[in-house]
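Visitor: build me a model:
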Amino acid sequence: MHQQSVHAEQVYASAQSAQASSPIVASWRRCMTMHHLAPEDKRLPVRLTDEEFRLARERSERLVAEAVDEIDRLFMTVGKAGCCLLLTDRDGIALERRGTSGDDKDFHNLGLWTGSVWTEASIGTNGIGTALADERAVTIVRDQHFFSSNINLSCTTSPIRDHRGQLAGALDVSTCREDANEFTLSVLSQAVREAALRIELSLFCSAFAGARFVMVPSESGSTSALLAIDRNDIVVGATRSARAALKLDDKKIEAGIPAADALDEHRSADGEYLQDAERAVLKQVLLRNHGNVSQAAVTLGMSRATLHRKLSKLDLQ
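Guide: Predicted structure coming up:
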């Protein structure tokens, strides 16, 4: 009880200090000024009714479908270490949960259960709510939580974005183990970020089924910067990283932009675009016919002599 009182005093002092400006203190201030919460209060997160939870699951059906296998793989890695996994939607509603039966009571008592709402407004500073509020991966360790009743909990969370780069949800790993040190939480944080990224890429690829995907060169070497391109070589989608790298937005994508233009693949003359397109088609037909010019000519509906002239003109012989 004394520990909880000390924590509440620390939250008040830090949140009211003009000098303190860390992301944690910024979250504490939001909890007090925006959500009118008091750190000494004991409370569980808001919990949805069965009907509200059903509707929330329906709204995020695609997210759950693309994430479930990744969640299972991650739980196989961290579950035996006394961790609980939650997948939430963008409103902090826990849609999927993984945990071992031996730890279920402790996590249930904290509200780490499906149907619970883990926003800052609901339960103060916490991994899920703060990650969604700041739109970045965060780790909240013990007394960094807002409420004194949560200071035995440590959690690390990464937001998940949809095919348009908008927040779709969050993936969280939480633990109540006293021996969860900085190194352990760092390893968990990396695992959560990588799993969240794979979920994002699954969401992106499923949203543009039938498109081909091109990795955008970036200074960081990120594998998450992808373009979705249709058969006419027009960009139909871009991940958040690709949008940032190429300065793309929904308006530009919806208006239509050739992949070559998006990637700044300039050519010396406009006429070369048509030659490049023709060269690409002829290469594909030749490959499909295993280099047989006669058969390729039949496929293209032209004479063998005409095809030979085109191949010679385009330096394909």
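Visitor: what strands line up against the helix or strand where Ser158 lies, and which way round?
Guide: Taking DSSP states H and E as the definition, Ser158 sits inside strand 154-161. With DSSP bridges as the test, strand 154-161 is paired with strand 138-141 (antiparallel), strand 167-175 (antiparallel).
Visitor: just those: most buried one?
Guide: strand 167-175 (a mean of 26; mean count of other Cβ atoms under 10 Å). Bear in mind the C-beta positions are built from the backbone N, C-alpha and C, glycine included.
Visitor: for that one, give the mean pLDDT please.
Guide: Here strand 167-175 scores 97 as its mean pLDDT.
Visitor: what's the answer for stretch 256-265, then?
Guide: In this model, stretch 256-265 has a mean pLDDT of 84.
Visitor: which stretches in the stretch 101-250 of the chain count as helices?
Guide: 104-110, 120-123, 127-134, 182-207, 240-246, 250-255 (DSSP state H, counting those that start in this stretch).
Visitor: what's the closest of those helices to Gly291?
Guide: helix 182-207 (32.5 Å; Cβ to Cβ).
Visitor: where does the chain dip in pLDDT?
Guide: Filtered on pLDDT under 70, the chain yields the residue ranges 1, 20, 218-222, 265-278, 317.
Visitor: try it again with 80
Guide: Low-confidence segments of the chain (pLDDT under 80): 1-2, 18-21, 217-223, 264-285, 299-302, 307, 310, 313-317.
Visitor: just the strands in it please.
Guide: Using DSSP state E, the strands of the chain run over 83-89, 94-98, 138-141, 154-161, 167-175, 212-215, 226-229, 235-238.
Visitor: now the ones you listed in CSV, with distance to Asp69?
Guide: Formatted as CSV, these follow (distance: least, Cβ to Cβ, whole Å):
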stretch, distance to Asp69
strand 83-89, 12
strand 94-98, 11
strand 138-141, 24
strand 154-161, 14
strand 167-175, 13
strand 212-215, 19
strand 226-229, 20
strand 235-238, 22
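Visitor: wait, doesn't Leu307 sit right on Thr299?
Guide: No. Using Cβ atoms under 8 Å, Leu307 is not in contact with Thr299, being 9.7 Å away.
Visitor: who's more crowded, the two?
Guide: Neighbours per residue (other Cβ atoms under 10 Å) separate Leu307 from Thr299, with Leu307 holding more: 21 against 14.
Visitor: contact partners for the more buried one?
Guide: Shown in contact with Leu307 (Cβ atoms under 8 Å, 6 or more residues apart in numbering): Leu282, Val293, Ala296, Ala297, Leu300.
Visitor: neighbours of Gly210, how many?
Guide: Neighbours around Gly210, by other Cβ under 10 Å: 8.
Visitor: likewise for the one 5 residues further on?
Guide: Number of residues near Met215 (other Cβ under 10 Å) recorded here: 15.
Visitor: partners of it in the sheet?
Guide: Beta-bridge partners for Met215, by DSSP bridges, are Leu226.
Visitor: does it really touch Ala225, like I thought?
Guide: Yes. Between Met215 and Ala225 there is a contact under Cβ under 8 Å: 6.4 Å.
Visitor: with distance to Glu120 as extra columns, can I get the strands paired with strand 154-161 in a markdown table?
Guide: Below are those laid out as a markdown table (distance: least, Cβ to Cβ, whole Å):
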| stretch | distance to Glu120 |
| --- | --- |
| strand 138-141 | 11 |
| strand 167-175 | 12 |
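Visitor: out of those, which comes closest to Lys80?
Guide: Closest to Lys80 of the strands paired with strand 154-161, according to Cβ to Cβ: strand 167-175, at 11.7 Å.
Visitor: relative to strand 83-89, how tilted is that closest one?
Guide: Comparing the axes of strand 167-175 and strand 83-89 via axes from the mean of the first three to the mean of the last three Cα atoms, to 10 degrees yields an angle of 170 degrees.
Visitor: by how many degrees do strand 167-175 and helix 127-134 diverge?
Guide: Strand 167-175 runs at 150 degrees relative to helix 127-134, counting by the same axes, to 10 degrees.
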